[in-house]
Every structure is written in structure tokens, then in C-alpha cells.
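>>> I would like to see how this sequence folds:
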Amino acid sequence: MVNPRQRRKQRAGHVRRQTRKQARETKRKRKEGKKVANVIPEITRVWDRKKGVKANMAAIGLVSDPNVDLYGDKDRMHQVKIDASNVRYDIVEMLEREAAKNKAYKAYSSRGEVLFVQRCLQTHGSDYTTMARDIKLNTHQHTPAQLRKKVEKYLYTLQVMVQTSRERKQKEEEEEE
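Residues are numbered from 1 along each chain as shown. Model (predicted):
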């Protein structure tokens, strides 16, 4: 007779053990290691697959962990020293140029948030502490600092909306002429 628990396992699609062939295949894949993504071709060209991530990044002139101390502070546990003779300045400069191209993302207020902030500003003005204490309006119990950030975000959203509407009007006027 079979134990009911064992029968339940079989019915539930219990995971079976790997075969020897499957185990060999997973071991081979693990040994090969992960391939470097072709995100930046300059880095893939310089990347040495025999070295680890830290060694490759140090050879390029970069730090693999941005939280480590570069200047030898004794309070930090990890210290990294980069040999200046091996640094690839061309790659570092290219990465800095790419980073400078990207703009920081600025969040916009949603419609519900715009309505909430407008009601708060109409009733309380710019007094964030009374906004925070108003239980009827501030049902989510936002703190004064959170409300201040929401108002700043709302004002930025309004500014962007006004700017885009002006640009649209100018384009329409140019098309009519």
C-alpha cells in the first residue's frame, strides 16, 4: 500500500530529479559562465573572459562596486586601488559622454494628484502643516514634507503643460501662415 502523502505528491506534479545528462548539461553551462551583454561594444572588445568582473573593471579604469572607498578611508571595509597605468581613458571618456547625454527623469503629477493638490491649495494655501492635519482632505495622511513635494511636483507639471501648449500654438500659427 502507498502512503497517501506520496500519492498526493505524484498527483501534484512533483519535481523529479535530474538525469545524469541534464546534470552534465547544467554543469557545463555554469562553467561557461554568463556572457557579457553587447550593450557597449567598446567594453566587450576589452573584456577578458578569463578574468572576473572586478579585475576587468579595474583594467578598464572603473570600479565594479560604486559603494567602495577609492581614497583609502579606514572606516570602510572594502578598499580598491586602481593602477593608473592600466586605465583606458578613451573608454572612460566615452562612458562619461554617454552619461552626460542622458537627462534625469522628472516625474509628473497624475490627474488625481492634481485634483488633490488643487483642493489642498484652495483651502489651506501654502500652509503644509494644516494640510497634513486636515483629515477630510488628506485621507492618506501625508506628512507636511510629502505634501510640499507633491505641490512642487504639481507646479512643475503645470509649468511643463503651459510650455507645451505655447509650443503647440506656435506650430499651429506657423502652419496657418
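>>> from here on, contacts and neighbour counts on C-alpha atoms
Will do.
>>> remind me, longest helix of this protein?
helix 144-176 (DSSP state H).
>>> Buried ones in it, by neighbour count?
144, 147-148, 150-151, 153-157 (16 or more other C-alpha atoms under 10 Å).
>>> For that helix, name the packing helices and strands.
Judged by 3 or more C-alpha pairs under 8 Å, 6 or more residues apart in numbering; DSSP states H and E, the packing partners of helix 144-176 are helix 111-124, helix 128-133.
>>> what's the longest one in contact with?
Contacts of helix 111-124 from elsewhere in the structure, counted by C-alpha atoms under 8 Å, 6 or more residues apart in numbering, are 130-131, 137, 150-151, 154.
>>> Could you pull out the buried residues of it?
Buried residues in helix 111-124, counted by 16+ other C-alpha under 10 Å: 114, 117, 120.
>>> The last one now?
If you call a residue buried by 16+ other C-alpha under 10 Å, then helix 128-133 has these buried ones: 128, 131-132.
>>> Kindly report the same for stretch 87-97.
Here stretch 87-97 shows 87, 91 as buried, counting by 16+ other C-alpha under 10 Å.
>>> what mean pLDDT does that stretch have?
For stretch 87-97, the mean pLDDT works out to 81.
>>> then it to PDB, C-alphas only?
Extracted in PDB, the C-alpha atoms of stretch 87-97 (Å, rounded to 0.1, in the frame of the first residue of the first chain):
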ATOM      1  CA  VAL A  87      43.400  52.800 -17.200                       C
ATOM      2  CA  ARG A  88      41.700  53.000 -20.600                       C
ATOM      3  CA  TYR A  89      40.900  56.700 -20.700                       C
ATOM      4  CA  ASP A  90      39.300  56.500 -24.100                       C
ATOM      5  CA  ILE A  91      36.600  54.200 -22.800                       C
ATOM      6  CA  VAL A  92      36.200  56.200 -19.600                       C
ATOM      7  CA  GLU A  93      35.700  59.400 -21.500                       C
ATOM      8  CA  MET A  94      33.300  57.700 -23.900                       C
ATOM      9  CA  LEU A  95      31.200  56.500 -21.000                       C
ATOM     10  CA  GLU A  96      31.200  59.900 -19.400                       C
ATOM     11  CA  ARG A  97      30.000  61.400 -22.600                       C
END
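>>> quick check, distance from that stretch to the centre of its chain.
Stretch 87-97 sits 22 Å away from the centroid of its parent chain (C-alpha atoms, centre = their mean, to the nearest Å).
>>> can you list contacts of it?
Stretch 87-97 is contacted by residues 42-43, 58-62 when judged by C-alpha under 8 Å, 6+ apart.
>>> rewinding a little: between the contacts of helix 111-124, which is nearest Ser165?
Proximity of these to Ser165 (C-alpha to C-alpha) peaks at Tyr154, which lies at 16.5 Å.
>>> surely the closest one meets Ser109?
Yes - here Tyr154 reaches Ser109: they are 5.6 Å apart, a contact under C-alpha atoms under 8 Å.
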